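A.B. asks: I'll drop the sequence and a predicted model, then ask my questions.
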Amino acid sequence: MTDLRPWLALKKVPGVGNLLFRRLVDHFGSPEAVFNADPSAMGEVGGISSRLAGVLSHFSLSDAVSAAIDHELETVHQNGWRIIPMTDPDYPPLLVQIPDPPPFLYVYGTLPPSLLSIAVVGSRNASGYGISTTRKLVSDLVRKQTLIVSGMARGIDTAAHHAAISAGGMTVAVLGTGLDCIYPSENQRLFHQIAGHGAVITEFPLGSGPDPHHFPVRNRIISGLCHGTLVVEATGQSGSLITARLAAEQNREVFAVPGNIHSPKSIGTHHLIRQGAKLVIHAGDILEEFSAARCPEKTDAQPASLPVPELSPEEDKIMARLETEPLHIDDLVRQLDVPAGRLSGLLLRLELSGLVVQVPGKRFSLAPGMEDRFLRKS
């Protein structure tokens, strides 16, 4: 198992940004090796000044910083989240290809397997046309087993996530905050639903709030995770235009939906089309840009049965206890020796993942049909 402390520590060194972090890890093999390297060897890495080389070779965590890292790791563990470094096989392969990928990601949920992935972004103050168009396009893309990525913002983002989940698909939300700060607050339930049908991810540490400069920075992750970016509706100053520009810089496809020529909310998409973005009227306009092998059509009209997500050891124990009969939450607390608050969080994740259901009397049981799926998985 990767020791995450050196990863978090290197990110805290003044002067080490994402680009330099990657160069250092590529050169020395790991953050731990960076801290153990001779200062003279630092000069072999582009962008390292003699001052920074000295800082890195003599860097030691203060008690306060060390305690903060330990607290962060403990909070991540307690909530069932993960920190995935770029050297981990689970790190998204498309994201590692961009010039400045996050050294590690905070993840709630399960990162989906390799699928055709499309970012769907647009106006926060979306029109009815924008919302309905998003729902239709996303539903049709999901039928071709397309992963939908967005930013969980109001408007188009929220509509995209909801449509993907409703169609039985998988979706990923990229936050501009830490995992412990759900923004906007009205998307609290959606936050957990997304984790049950994909993942919520961020590069920002716990405690990071919705600072305005975070969102343009996170947009490179939205586009970097995807084969293409679709802008449904955007004003001339929309942040989604930043995502489209970043997608183009990352050599990914850019798509845009036309709108009313008199609507300010279509100025941005019309600008993108003039600049060479592909005009999209239906999902086929997107899908034809990619290999048919990447997007096989589902053979039935029903939402696809999602794979059983990877469970933590604690979640496995809960599922095993519920195999024979429904149990009251107090019985689970007693049998598993897990604090009630912790158990409630685990049950919520299992419930949102469609693995467990609550039945009358504060009892929980395996979801219908889950008995066979869980036993097969086991």
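C.D. replies: Here it is on my side, so go on.

A.B. asks: where do the strands sit along the protein?
C.D. replies: 82-85, 104-109, 116-121, 146-150, 171-174, 198-202, 228-231, 253-256, 278-279, 327-328, 356-359, 363-366 (DSSP state E).

A.B. asks: Comparing the ones you listed, which yields the minimum mean pLDDT?
C.D. replies: When these are ranked by mean pLDDT, strand 356-359 comes last with a mean of 73.

A.B. asks: wait, what's in contact with residue 207?
C.D. replies: 178, 180-181 (C-beta atoms under 8 Å, 6 or more residues apart in numbering). Using the backbone N, CA and C atoms, a C-beta is placed for each residue, glycine as well.

A.B. asks: export those to JSON lines and tack on pLDDT, neighbour count and distance to residue 153?
C.D. replies: Output for those, formatted as JSON lines (pLDDT from 0 to 100; neighbours: other C-beta atoms under 10 Å; distance: C-beta to C-beta, whole Å):
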{"residue": "178", "pLDDT": "98", "neighbour count": "21", "distance to residue 153": "16"}
{"residue": "180", "pLDDT": "96", "neighbour count": "18", "distance to residue 153": "18"}
{"residue": "181", "pLDDT": "96", "neighbour count": "16", "distance to residue 153": "14"}
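
A.B. asks: domains in the protein, as residue ranges please.
C.D. replies: With domains defined by automatic domain parsing, the chain comprises 5-78, 107-294, 313-377.

A.B. asks: and those domains, which is most packed in?
C.D. replies: Most buried of those by mean neighbour count (mean count of other C-beta atoms under 10 Å) is domain 107-294; its value is a mean of 21.

A.B. asks: mind listing what the closest residue to residue 349 other than its chain neighbours touches?
C.D. replies: In space, and not counting its chain neighbours, residue 349 is closest to residue 80: 5.9 Å by C-beta to C-beta, 6 or more residues apart in numbering. Applying C-beta under 8 Å, 6+ apart, we find residue 80 in contact with 108, 312, 314-315, 345-346, 349.

A.B. asks: likewise residue 235?
C.D. replies: Here residue 235 is in contact with 123, 264-265, 267-268 (C-beta under 8 Å, 6+ apart).

A.B. asks: For those, which two are the farthest from each other?
C.D. replies: 123 and 267 (10.5 Å; C-beta to C-beta).

A.B. asks: which neighbours do these two share?
C.D. replies: Contacts common to residue 123 and residue 267, judged by C-beta under 8 Å, 6+ apart, are 234-235.

A.B. asks: wait, isn't residue 332 in contact with residue 318?
C.D. replies: Yes: contact status for residue 332 versus residue 318: in contact at 6.7 Å, counting by C-beta atoms under 8 Å.

A.B. asks: okay, and the common contacts of the two?
C.D. replies: Common neighbours of residue 332 and residue 318 (C-beta under 8 Å, 6+ apart) are 343, 347.

A.B. asks: sorry, back to before: got the contacts of residue 80 as CSV, with distance to residue 147 columns?
C.D. replies: Below are the contacts of residue 80 laid out as CSV (distance: C-beta to C-beta, whole Å):
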residue, distance to residue 147
108, 16
312, 23
314, 27
315, 23
345, 26
346, 26
349, 20
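
A.B. asks: pLDDT value on the residue lying closest to residue 18 once chain neighbours are set aside, please?
C.D. replies: Among residues not flanking residue 18 along the chain, residue 100 sits closest, at 4.3 Å (C-beta to C-beta, 6+ apart). What the model reports as pLDDT for residue 100 is 92.

A.B. asks: Give me the phi and psi angles of residue 100.
C.D. replies: As for residue 100, its main-chain torsions (degrees, to the nearest 10) stand at phi -130, psi 60.

A.B. asks: before we move on, what about the one 10 residues further on?
C.D. replies: The phi/psi pair for residue 110 (degrees, to the nearest 10) reads phi -130, psi 120.

A.B. asks: CA atoms only for stretch 147-167, dumped as PDB, please.
C.D. replies: Taking Å, rounded to 0.1, in the frame of the first residue of the first chain, the C-alpha atoms of stretch 147-167 are listed here in PDB:
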ATOM      1  CA  LEU A 147     -19.500   8.100 -18.900                       C
ATOM      2  CA  ILE A 148     -20.800  11.600 -18.200                       C
ATOM      3  CA  VAL A 149     -18.500  14.000 -16.400                       C
ATOM      4  CA  SER A 150     -19.400  17.400 -15.000                       C
ATOM      5  CA  GLY A 151     -18.800  19.800 -12.100                       C
ATOM      6  CA  MET A 152     -22.000  19.500  -9.900                       C
ATOM      7  CA  ALA A 153     -22.700  23.200 -10.300                       C
ATOM      8  CA  ARG A 154     -26.200  24.500 -10.600                       C
ATOM      9  CA  GLY A 155     -27.900  24.400 -14.000                       C
ATOM     10  CA  ILE A 156     -26.500  22.300 -16.800                       C
ATOM     11  CA  ASP A 157     -24.100  20.400 -14.600                       C
ATOM     12  CA  THR A 158     -26.800  19.300 -12.200                       C
ATOM     13  CA  ALA A 159     -29.100  18.300 -15.100                       C
ATOM     14  CA  ALA A 160     -26.300  16.200 -16.600                       C
ATOM     15  CA  HIS A 161     -25.600  14.300 -13.500                       C
ATOM     16  CA  HIS A 162     -29.300  13.700 -12.800                       C
ATOM     17  CA  ALA A 163     -30.000  12.600 -16.400                       C
ATOM     18  CA  ALA A 164     -27.000  10.100 -16.300                       C
ATOM     19  CA  ILE A 165     -28.200   8.500 -13.000                       C
ATOM     20  CA  SER A 166     -31.900   8.400 -14.200                       C
ATOM     21  CA  ALA A 167     -30.800   6.600 -17.400                       C
END
